[in-house]
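Q: Sequence plus the predicted model coming up.
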Amino acid sequence: MNDLQKRYIRNQILTMPMKVNQELTHKNKKFNQRSDYDNIIRYIDNFLDGEGMNRFLVLPGLRDVGKTTILFQAYEYLLMEKNINQQNILYLSCDRLKRTGEANIFDVVNYYCKTFHNSIFETLSEPVFILIDEAQYDKEWALNGKLIFDGSKNIFMIFSGSSALKLSNNPDAARRLLNIPIYTLTYSQHLKLKYGNFKNDISDSIIQMIFDGETQNSAEIERRMINIYSNFQNFDVSEWKNFLQFGGFPSSFYQNTNDINKKIVNMVEKVVMTDMNNIEGINGNTHNLAFQILNYLAFQNPGEVSIGSLSNLFDAKKQLVTKVLNILEKTQLIFHIGPFTSSVKRTTKPNEYFFATPSLKHNLALDVGNALLEDEPAYFGKLLENYVASSFHDLDNKSTISYKTYYDDSKRKSSDKNVDFIVQRGLEKPIPIEVSCGDKDKSQIKRAINAYNSSHGIIISNTTSNIVKTDNIICIPPEIFAFM
C-alpha cells in the first residue's frame, strides 16, 4: 500500500461519523430504511451475540439501488445503537481506493489492524466491522474476503458492489459468504422510504389470494391498505403513476423528472461501459449491441424476442446476441421469462424480456424519443405489465418457495389472444394472469383457465378500485397488487 492509500484509510476512520450523518439526511430529515437493512442488522446482532457463521455478507445489485446507503445505515447502527468504537468500524470504497493505487482489500485490512489495533487480523481480541463498497474494483475481492474470514472470527464483513457479474458467482468465497441481492424498489418499499416506515402486513394475504383463489380477506386487505395511506403526510395522488415512470430507485425522491431521466440513463451507460467489462471478450462492438438491444426492448411491446430476429435486425451473430442478453441479465438490468411448456421444448423457444423496474423501460424510451407515441392507457399498460413481471420475478428470488413465471404458449386460433402470464407456486396448478389498463375482454382468461385446468384466474386492472371475484376470476386493482 502507498502513502496516499494509508492516508485515505486513516481519514475514513476519523471522518466517517460526520460523513455518515450528512449522507443519511436530506433537508435535515433522516432517510427511512428498507427491509434489506433489517435483514442485515439481524446478522450483525447475531455476530455480536457470538454467532459466527454468517459474518461475510455480500450485497450485489444494480447501480443506484441504495447499497451505499445501507452500508452507511449499518455504520450508524453500530456506532449509535450498539456503541461500537469508531476505530472498530472501517468503511471504504474500492473505487476511491483504486484512484490512489491498486485496490487490495487484504492489504487494507492488514494495515487497518496494525495501525488501529496494534495487531494482525488473526490475533484480534475484539469485534471489528469491515464495510467495503464497490468491492468489484478489487479483482481478488472473493479470495481476499475468504482469507480474512478464515483468519479471524472477530471480523464481520459486508461487501457491496454494483456489478452482479463478479459478486454473484465466485467459487473462491462461495462457501463462506452469504449473498443478499439488493433489488430495485417495489411500490410498497418506495412508499416506505418516501413517506415513512410502515409494516406491509398485507403482502402475504395478497400472495395467498393470488395462488389460492380465496377472497374472503379482501375487505380486510383493502382496510389495511387505506389505513397505511391515511398515515402519509402530503401524499401525492399521482404517486402510483409517477412510480411506474420514474420510481424503483431511492434517488428519485429528491429530484425532478428531467434529472431522474438523466440519472437513470447515465446509470445504464455506466453498467454497459463499466460493469460489463468484468466479462472477458467485451469490446466496443459488444457495448454498441448492448445499447441497441436495450433500446429495442424499451420500445417493444411485451412479447417473445427471437435471437434470430435480433441478429438480423442488428447485423450481429446469434452467438454474440445470446452472450449480450446473458450479460445484461447478470447486470440485473433485465430478466427473462420462458414459455409455459415442457423443459425440453422451453430450450428451443424464444424468451420474453423485461426490465428490472418499469422506470428503466420508460426512461430509456424517453431518452431515445417520445415515450408516449401511443394512447396513454396502452402505454401505461406496458409499464404495468413490466411491473407485474418483475414482482413475480422478485418473489421467486426472495422466497424459499418456488414461484415461477412464464408466458402463455398455448396453441390457439388466429383470432384468439393468450393471457400475459402463467404463474406457478411449487408443483401446484398454474394460475393465468391478465394485465390491462382499461377495459378488457374476459374471454382470454376464461380460455386459459380451461386450457390449464386452473382453479381460477387473475386480472390486474385499473377498471376496478376494489378486489372483485366473479365466478372463478379475481380482479385486483394495480395499486393493491403492488403491495404483494
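A: Sure thing, it's come through. In this text the structure is predicted, and so the values were computed from the model without any measurement.

Q: CA atoms for contacts and neighbours, from now on please.
A: Fine.

Q: Following the chain onward from the helix or strand bottoming out on mean pLDDT in the chain, which element is next?
A: Lowest by mean pLDDT, DSSP states H and E among the helices and strands of the chain is helix 164-167, with a mean of 65. Next in sequence after helix 164-167, counting helices and strands by DSSP states H and E, comes strand 178-179.

Q: Need the contact partners of whichever helix or strand comes after that next one.
A: Next in sequence after strand 178-179, counting helices and strands by DSSP H and E, comes helix 187-195. Here helix 187-195 makes contact (Cα atoms under 8 Å, 6 or more residues apart in numbering) with 31-35, 198, 200, 232-233, 235, 240, 243, 247-248, 250, 253, 482-483.

Q: do the same with stretch 83-103
A: By Cα under 8 Å, 6+ apart, stretch 83-103 touches 1-2, 4-5, 8-9, 12-14, 16-17, 75, 78-79, 105, 116, 127-138.

Q: residues of that stretch that come out buried?
A: By 16 or more other Cα atoms under 10 Å, the buried positions in stretch 83-103 come out as 84, 86-95, 97, 102-103.

Q: Likewise for stretch 41-57?
A: 43-44, 47, 52, 55-57.

Q: What of stretch 237-253?
A: Neighbour count says stretch 237-253 has 240, 243-253 buried, by 16+ other Cα under 10 Å.

Q: I'd like those residues laid out as JSON lines, including secondary structure, distance to H26 and pLDDT.
A: Formatted as JSON lines, those follow (DSSP: H, G, I helix; E, B strand; the rest coil; distance: Cα to Cα, whole Å; pLDDT from 0 to 100):
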{"residue": "W240", "secondary structure": "helix", "distance to H26": "23", "pLDDT": "95"}
{"residue": "F243", "secondary structure": "helix", "distance to H26": "20", "pLDDT": "96"}
{"residue": "L244", "secondary structure": "helix", "distance to H26": "24", "pLDDT": "96"}
{"residue": "Q245", "secondary structure": "helix", "distance to H26": "23", "pLDDT": "95"}
{"residue": "F246", "secondary structure": "helix", "distance to H26": "19", "pLDDT": "95"}
{"residue": "G247", "secondary structure": "coil", "distance to H26": "18", "pLDDT": "94"}
{"residue": "G248", "secondary structure": "coil", "distance to H26": "19", "pLDDT": "94"}
{"residue": "F249", "secondary structure": "coil", "distance to H26": "16", "pLDDT": "95"}
{"residue": "P250", "secondary structure": "helix", "distance to H26": "12", "pLDDT": "92"}
{"residue": "S251", "secondary structure": "helix", "distance to H26": "11", "pLDDT": "84"}
{"residue": "S252", "secondary structure": "helix", "distance to H26": "13", "pLDDT": "84"}
{"residue": "F253", "secondary structure": "helix", "distance to H26": "10", "pLDDT": "82"}
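
Q: of all these, which comes closest to T186?
A: G248 (6.5 Å; Cα to Cα).

Q: isn't the closest one right up against T184?
A: Yes. With contact defined as Cα atoms under 8 Å, G248 reaches T184; the gap is 5.0 Å.

Q: for the protein, which residue is closest to the average position?
A: Residue closest to the mean C-alpha point of the chain, counted by Cα atoms, centre = their mean, is Y183 at 1.5 Å.

Q: Correct me if wrong: that one contacts R63.
A: No. The pair Y183 and R63 fails to qualify as a contact (Cα under 8 Å) at a distance of 9.8 Å.

Q: who touches both of these two?
A: By Cα under 8 Å, 6+ apart, no residue touches both Y183 and R63.

Q: Could you give me the buried positions within the longest helix along the chain?
A: Longest helix in the chain, counting residues (DSSP state H): helix 376-398. For helix 376-398, a neighbour-count test (16+ other Cα under 10 Å) marks 379-396 as buried.

Q: pLDDT weak spots in the chain?
A: 163-170, 280-281, 344, 370-374, 411-415 (pLDDT under 70).

Q: on that earlier part again, beta-bridge partners for the nearest residue to the residue nearest to the centre of the chain once chain neighbours are set aside, please?
A: Once flanking residues are discounted, Y183 sits nearest to G61: 6.1 Å by Cα to Cα, 6 or more residues apart in numbering. Beta-bridge pairing for G61 (DSSP bridges): I182.

Q: My read is that G61 contacts I182, right?
A: Yes. Here G61 reaches I182: they are 5.0 Å apart, a contact under Cα under 8 Å.

Q: Please identify which of those two sits among more neighbours.
A: More neighbours sit around G61 than around the other of G61 and I182, counting by other Cα atoms under 10 Å; the figures are 26 against 21.

Q: for that one, what are its contacts?
A: Each residue near G61 by Cα under 8 Å, 6+ apart is listed here: 67, 161-164, 181-183, 331-332.

Q: Out of these, who's the most crowded?
A: Ranked by the number of neighbours (other Cα under 10 Å), the contacts of G61 place G161 first, at 29 neighbours.
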